[in-house]
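>>> just coords:
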């Protein structure tokens, strides 16, 4: 069955924090990407297929930070696939610790062919499309 | 004279890249923050004043990625202060390598008091406000 | 019962890799630290006790890299406490993926008191010492 | 003239720090690598020659941390080439802020050919050897 969402669990590591004593904002973006890749694995896919000439670079990311996240805290990134076009994918993320929302965000990735250079947009392969689905709460509006 | 913009120059380091052979997207966000802090230094300020109880956590960031940036390339982050309210600052960033735009973005930071806990929003100190100014190209709308 | 070793499991994330297509060497050092902190949690401790004035900065680290580690691979860090003096701790680490040794290393951390400044070496608190023990394979040799 | 040493200057960035308020130890290792790559550029070389099938993975690193390094501080990494064999290079590093030594370290990199897989040790190309030289203070012993 196609996968449309995933709940990724993670613990804050020491190197994720900064001198303000909380997780550095760039790490929230990385957590969002980690959750996306976990969603792909849940669908039996890898975002970096071995020996593949396609890749999925990010084309846009937007995040709102709601509350600080601290060292050793356990949290969840709920990622939903909210858009799936011929050549790009869009996700919505909610990062939370228990009932506290830490951040919300969106991320768009494009499908590109890397070689021969220069990199250019191509269609997402059919065998990938078959395993992913837009999240119903997103599709309805 | 109050500072409203800064052109920060930087070279891509090896650890900034990922297996796709280009700068990881989270590093673009870090470059934007580095440029902001350089703008503050240009204004005679530090974003982390020693012995201060205030801090400037990010509350929102949005980035569009236009072109890849490679190892050892030199690039510029042009940061402009586009909004300055009593309790927050907004910046617009353009990351470019020569004539090629690598990314554009915006970032909003809030002024908070860290102690006594819990952290809460406070007014930006007057001596900071005096040294920063909204960029004129931004102010006009 | 005091804890003397821990087997920490982890998956390689995209941002841990570099343009050579493998995990950047600095990440192996971070994995070793993550494993140390997991050992402390196994012992019912945190390396950063809340509201504490002590800390455990690294004073030495040495790593030999034996084989590359790739994106999405699962691996283990086996950390053993090999030395425990009044004011410092030494660990030995083996990072492996299945039967393949990726890296071996050692790390020494000191106990310091942060405030009042300047930071200075102090004895490790008794309640921490009670929960940790030197690994027997290490003590004999 | 062959290059045997380089003094690399850098400022601590916010994302290099951790919740202890100082530069995370893994960043000292990255600074050492940045200095090595700057030494190569000084010699008219790139550690990642475009379209090359060779690479220089680290095989060993050892660091002793002497003093903390803080946000926005400017520091220097003095890197000397202390060993140069047919298939590997060894460097000694001193990281300092003014007269204060922050860390000392050594790093060894091997020359490998990446394709066809698997990666294997190869001789360092002659045109690279010609531009590098062992530092005289090191050669004497």
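All right, it came through fine. Just so we're clear, the structure is a prediction, and the values are computed from it rather than from any experiment. Numbers count the residues shown, from 1 in each chain, chains lettered A, B, ... in the order given.

>>> drop to CA atoms for contacts and neighbour counts, all remaining ones
Noted.

>>> pLDDT at the most centrally placed residue in chain A, what is it?
Central residue of chain A (CA atoms, centre = their mean): residue A:36, 3.0 Å from the mean position. We have a pLDDT of 98 for residue A:36.

>>> tell me which parts of chain A are close to chain B?
A:20, A:25-27, A:29-30, A:55, A:58-66 (CA under 8 Å from any CA of the partner chain).

>>> keep those, but drop any that are not near chain D.
Restricting those to those near chain D - CA under 8 Å from any CA - leaves residue A:20.

>>> among the residues of chain A next to chain B, which two are most distant?
A:20 and A:55 (35.0 Å; CA to CA).

>>> that older thread, could you say which helix or strand holds the residue nearest to the centre of chain A?
helix A:25-42 (DSSP states H and E).

>>> give me the residues contacting that helix.
Helix A:25-42 is contacted from outside by A:3-8, A:16, A:46-47, A:63, A:65, A:77-79, A:91, A:93, A:95, A:103, B:26-27, B:29-30, B:58, C:13-15, using CA atoms under 8 Å, 6 or more residues apart in numbering or on different chains.

>>> so which of the residues you listed sit within strands?
Here DSSP state E is the test, and the contacts of helix A:25-42 give A:5-8, A:63, A:65, A:77-79, A:91, A:93, A:95, A:103, B:58 as lying in strands.

>>> quick one: which of those residues has the most company?
residue A:79 (29 neighbours; other CA atoms under 10 Å in any protein chain shown).

>>> where does the nearest residue to that one once chain neighbours are set aside land on pLDDT?
In space, residue A:79 comes closest to residue A:93 once its chain neighbours are excluded; the distance is 4.5 Å by CA to CA, 6 or more residues apart in numbering or on different chains. In this model, residue A:93 is scored at 98, pLDDT.

>>> before we move on, what about residue A:139?
53.

>>> before we move on, the earlier item: specify the beta-bridge partners of the residue nearest to residue A:79.
residue A:79, residue A:105 (DSSP bridges).

>>> how much space between it and residue A:2?
18 Å (CA to CA, to the nearest Å).

>>> where in chain A is pLDDT low?
Scanning chain A for pLDDT under 70 picks out A:138-141.

>>> tell me which residue of it is furthest from the middle?
residue A:116 (27.0 Å).

>>> tell me which element that residue is part of?
Using DSSP H and E, no helix or strand contains residue A:116.

>>> run through the residues of chain A sitting next to chain C.
Checking chain A against chain C by CA under 8 Å from any CA, the hits are A:13, A:14, A:15, A:30, A:34.

>>> count the residues that sit near residue A:98.
There are 10 residues near residue A:98, going by other CA under 10 Å.

>>> actually residue A:66, not the one I typed
Residue A:66, neighbours per other CA under 10 Å, totals 16.

>>> if I look at residue A:13, how far off is residue A:36?
Residue A:13 is 19 Å from residue A:36, by CA to CA.

>>> which residues does residue A:61 bridge with?
Here residue A:61, judged by DSSP bridges, has bridge partners residue A:107, residue B:63.

>>> for it, grab the count of nearby residues.
24.

>>> with chain D as the reference, measure out to it.
Between residue A:61 and chain D the distance is 19 Å, computed by CA to the nearest CA, to the nearest Å.

>>> that residue touches residue B:62, doesn't it?
Yes: taking contacts as CA atoms under 8 Å, residue A:61 lies within contact range of residue B:62: 5.7 Å.

>>> if we can go back for a sec, of the residues of chain A next to chain C, closest to residue B:137?
residue A:30 (32.6 Å).

>>> now list the buried members of the residues of chain A next to chain C.
Buried by 16 or more other CA atoms under 10 Å in any protein chain shown: A:13, A:14, A:15, A:30, A:34, out of those.

>>> tell me the contacts of the residue nearest to residue A:59 when sequence neighbours are not counted?
In space, and not counting its chain neighbours, residue A:59 is closest to residue B:65: 4.8 Å by CA to CA, 6+ apart. Residues near residue B:65 by CA under 8 Å, 6+ apart: A:58, A:59, A:60, B:25, B:102, B:103, B:104.

>>> using a markdown table, lay out those residues together with distance to residue A:84.
Formatted as a markdown table, the contacts of residue B:65 follow (distance: CA to CA, whole Å):
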| residue | distance to residue A:84 |
| --- | --- |
| A:58 | 14 |
| A:59 | 14 |
| A:60 | 14 |
| B:25 | 21 |
| B:102 | 24 |
| B:103 | 23 |
| B:104 | 24 |
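
>>> quick revisit: from the residues of chain A next to chain C, which two are the most distant?
A:14 and A:34 (17.2 Å).

>>> what does chain A have sitting close to chain D?
A:14, A:15, A:16, A:17, A:18, A:19, A:20, A:21, A:22, A:24.

>>> secondary structure element for residue A:52?
Going by DSSP H and E, residue A:52 is not in any helix or strand.

>>> I figured residue A:67 hits residue A:99, correct?
No: in this structure residue A:67 lies outside contact range of residue A:99 using CA under 8 Å: 11.5 Å.

>>> which one of these two is surrounded by more residues?
residue A:67 (17 against 6).

>>> check contacts around the closest residue to that one other than its chain neighbours.
Among residues not flanking residue A:67 along the chain, residue A:102 sits closest, at 4.7 Å (CA to CA, 6+ apart). Counting by CA under 8 Å, 6+ apart, residue A:102 touches A:65, A:66, A:67, A:68, A:69, A:94, A:95, A:96.

>>> from residue B:39, how far out is residue A:90?
Residue A:90 is 33 Å from residue B:39, by CA to CA.

>>> got it, and residue A:128?
44 Å.

>>> neighbour count: the two, which is higher?
Between residue A:128 and residue B:39, counted using other CA under 10 Å, residue B:39 has the larger neighbour count: 25 against 15.

>>> what about that one, distance to residue C:132?
Distance from residue B:39 to residue C:132, by CA to CA: 47 Å.

>>> ditto for residue A:125
From residue A:125 to residue C:132 the distance is 52 Å (CA to CA).

>>> which one's more surrounded, those two?
Neighbours were counted for residue A:125 and for residue C:132 using other CA under 10 Å; residue C:132 has more, 22 against 12.
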